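[1] sharing a sequence plus its predicted fold:
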Protein chains: 2
Amino acid sequence: MRKGRHAQGAAAAMTYCVGILTRSGLVVAADSRSNAGLDHITTVRKLALFERPGERVMALLSAGNLATTQAVVTLLTQRLGSAPGPHDLYAATTMFEAARMVGAVLREVIAHDGEHVQPHGDPSATFLFAGELEGGRHRLFLIYPAGNFIEATPETPFLQAGETKYGKPILDRVISHDCSLAAAAKCALLSFDATMRSNLSVAPPIDIWCYRAGSLAAAVRVDIQAGDPYLAVLREQFGAGMLELFQRLPDPAWAPPADAAAAE
Amino acid sequence: MRKGRHAQGAAAAMTYCVGILTRSGLVVAADSRSNAGLDHITTVRKLALFERPGERVMALLSAGNLATTQAVVTLLTQRLGSAPGPHDLYAATTMFEAARMVGAVLREVIAHDGEHVQPHGDPSATFLFAGELEGGRHRLFLIYPAGNFIEATPETPFLQAGETKYGKPILDRVISHDCSLAAAAKCALLSFDATMRSNLSVAPPIDIWCYRAGSLAAAVRVDIQAGDPYLAVLREQFGAGMLELFQRLPDPAWAPPADAAAAE
């Protein structure tokens, strides 16, 4: 109920990111709203791709302090192809190693800026990191502000960052490791819809990336704008369907009779 | 993503409370789980009633530091009928005045204990307060840790306290000021179900109070235990209905074709 310090903080971006690991691939999505208070609202891409078709594809989704997340993405981008330089995502031989690089660069940025930012707001950041390297399998990680991370598994096939709670119930009910990429993408959008209804600081465009396992390319990247017709259909049919379902459920036997007060 | 200080705090009770204001009455509900860490879990009633049938009925639901909320309820109970003593809910002439009394006692407890508790955890508390006094109308308030409060209105017919986010989407979709008390009670349980699925520290029994406007008595109070057959039916039918609804919704045209990778 209480606003944390970062609610008033410097360039804090309340975001929602979700990543889904299925047998057939990956779906990740991030909103594009950044706000440092209600009077400074901008659109910022929070999904960065690092790709060498046929060899590696990686998606990095950012939540948290915008200065921190932009610095991390900038440093990672600058260092691509720099090996034997540090933290070269193109030189990583596994997704695990790549995720460690992201964590290391995050620690580097916090070491550089953290104590200076702290008096003004929360400098921390969280990332989702997903992708596949040749010879490996497709993987999905949640990288914590401390730079360590956890990995999605068939039993826990989705991970979230940022404003996670409103959008979790629909994922809990629908997502499994065996669902199709289309179902995962549909559910990611419904999860965003629930979040956007409740938190104004999460807003379209929604950046979605769908990756088919083993393809090492050919990922679909879509930008869902506020007026997107598919999003509109999804919202309308889901809302109407939920109401209908709710009305079909039995009333509790112990509830006071309907509108008896009005009838009296 | 970061745990607040109160997560490790002294006797912090993560709770979920919801109150719904409809044209025909009030429905309020609270869980009964208290935990100060995972190794000290107890069942605590978080719904207190103050009633003089025919004259006034009031329900107070607590979220936050358990020592604080119990002290507030104890002091309010001790002072019932004490007028011209302070903060006598039986002497309040409006629900607004009664809500101010709750806020005042909360401030009194925080003034007494706050700075001593602070080093160990968050001393703060939040309340839902609902009821009706003879000659008034039925009303619902959310009392903040500062002791001030907001009121539910026909446009904003529900208020929540504690672990509010998981259970908000279903309320947003279903609740209106015109829904029946039975529908409000059913939706409150679904909102609890979504919360309990995601947060282990919110758990049955769920204490529900349904009040018919103008009755000044005859409220229904129900204790929903973990194995309650109605809750089980609701969970099962809602879960199955949601899956069915999800599958009926159209897939995004841009998603990669279903399981093409597996078919190759």
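    It's in.
[2] which sections of the stretch 101-250 of chain A are below the confidence cut-off?
    The stretch 101-250 of chain A contains residues with pLDDT under 70 at A:218.
[3] recalculate using a threshold of 50.
    Along the stretch 101-250 of chain A, no part satisfies pLDDT under 50.
[4] could you pull out the strands in it for me?
    A:125-133, A:139-143, A:149-151, A:158-162, A:206-212, A:220-224 (DSSP state E, counting those that start in this stretch).
[5] out of those, which is the most enclosed?
    Of all the strands of the stretch 101-250 of chain A, strand A:125-133 carries the top mean neighbour count, a mean of 26, counting by mean count of other CB atoms under 10 Å in any protein chain shown. Any C-beta I mention is one placed from the backbone N, CA and C, and that applies to glycine too.
[6] direction included, what does that strand pair up with?
    According to DSSP bridges, strand A:125-133 forms sheet pairs with strand A:56-65 (antiparallel), strand A:139-143 (antiparallel).
[7] in TSV: those strands, plus distance to A:Gly114.
    Below are the strands paired with strand A:125-133 laid out as TSV (distance: least, CB to CB, whole Å):
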stretch	distance to A:Gly114
strand A:56-65	10
strand A:139-143	16
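[8] which one is A:Tyr144 nearest to, not counting chain neighbours?
    Closest residue to A:Tyr144 apart from its sequence neighbours, by CB to CB, 6 or more residues apart in numbering or on different chains: A:Thr126 at 6.3 Å.
[9] report the secondary structure state of the closest residue to A:Met101 other than its chain neighbours.
    By the measure of CB to CB, 6+ apart, the closest residue to A:Met101 outside its immediate chain neighbours is A:His87, 4.3 Å from it. Three-state assignment for A:His87 (DSSP: H, G, I helix; E, B strand; the rest coil): coil.
[10] give me the distance between A:His87 and chain B.
    Applying CB to the nearest CB, to the nearest Å, the value for A:His87 to chain B is 23 Å.
[11] rewinding a little: need the contact list for the residue nearest to A:Tyr144.
    A:62-64, A:142-145, A:161-162, B:1 (CB atoms under 8 Å, 6 or more residues apart in numbering or on different chains).
[12] redo that, cut-off 6 Å
    With contact taken as CB atoms under 6 Å, 6 or more residues apart in numbering or on different chains, A:Thr126 is in contact with A:63-64, A:145, A:161, B:1.
[13] quick one: buried ones out of those residues?
    Burial by neighbour count, judged by 16 or more other CB atoms under 10 Å in any protein chain shown, picks out A:63-64, A:145, A:161 from those.
[14] thinking again about what came up before, CSV for the contacts of A:Thr126, including distance to A:Glu236?
    Shown next, in CSV, are the contacts of A:Thr126 (distance: CB to CB, whole Å):
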residue, distance to A:Glu236
A:Ala63, 29
A:Gly64, 33
A:Pro145, 38
A:Ala161, 28
B:Met1, 32
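[15] just name the closest of those residues to A:Gln247, please.
    A:Ala161 (35.2 Å; CB to CB).
[16] quick check: beta-bridge partners of the closest one?
    For A:Ala161, the beta-bridge partners under DSSP bridges are A:Cys17.
[17] you'd agree it is up against A:Phe129?
    No - contact criterion CB atoms under 6 Å: A:Ala161 and A:Phe129 do not qualify, at 10.2 Å.
[18] how much space separates the spatially closest residue to A:Leu245 that is not a sequence neighbour from B:Arg197?
    Among residues not flanking A:Leu245 along the chain, B:Gly241 sits closest, at 4.1 Å (CB to CB, 6+ apart). As judged by CB to CB, to the nearest Å, B:Gly241 and B:Arg197 stand 16 Å apart.
[19] before we move on, what about A:Pro250?
    From A:Pro250 to B:Arg197 the distance is 20 Å (CB to CB).
[20] can you tell me which helix in chain A is longest?
    Across chain A, the longest stretch assigned as helix under DSSP state H is helix A:95-117.
[21] need the residues that contact that one.
    Identification of contacts with helix A:95-117 by CB under 6 Å, 6+ apart yields A:68, A:71-72, A:75-76, A:87, A:89, A:92, A:123, A:127, A:129, A:133, A:136, A:139, A:141, A:143, A:147, A:149.
[22] mind exporting the C-alpha coordinates of that helix to PDB?
    C-alpha atoms of helix A:95-117 as PDB (Å, rounded to 0.1, in the frame of the first residue of the first chain):
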ATOM      1  CA  MET A  95      22.900 -18.900 -22.900                       C
ATOM      2  CA  PHE A  96      24.000 -19.400 -19.300                       C
ATOM      3  CA  GLU A  97      27.300 -17.600 -20.100                       C
ATOM      4  CA  ALA A  98      25.400 -14.900 -21.900                       C
ATOM      5  CA  ALA A  99      23.100 -14.300 -19.000                       C
ATOM      6  CA  ARG A 100      26.200 -14.000 -16.700                       C
ATOM      7  CA  MET A 101      27.500 -11.300 -19.000                       C
ATOM      8  CA  VAL A 102      24.300  -9.400 -18.700                       C
ATOM      9  CA  GLY A 103      24.400  -9.700 -14.900                       C
ATOM     10  CA  ALA A 104      28.100  -8.600 -14.900                       C
ATOM     11  CA  VAL A 105      27.300  -5.500 -16.900                       C
ATOM     12  CA  LEU A 106      24.400  -4.700 -14.600                       C
ATOM     13  CA  ARG A 107      26.800  -4.900 -11.600                       C
ATOM     14  CA  GLU A 108      29.200  -2.700 -13.500                       C
ATOM     15  CA  VAL A 109      26.600   0.000 -14.100                       C
ATOM     16  CA  ILE A 110      25.400  -0.100 -10.500                       C
ATOM     17  CA  ALA A 111      29.000   0.100  -9.200                       C
ATOM     18  CA  HIS A 112      29.400   3.200 -11.500                       C
ATOM     19  CA  ASP A 113      26.100   5.000 -10.700                       C
ATOM     20  CA  GLY A 114      24.400   3.300  -7.700                       C
ATOM     21  CA  GLU A 115      25.400   5.400  -4.800                       C
ATOM     22  CA  HIS A 116      24.900   8.600  -6.700                       C
ATOM     23  CA  VAL A 117      21.400   7.700  -7.700                       C
END
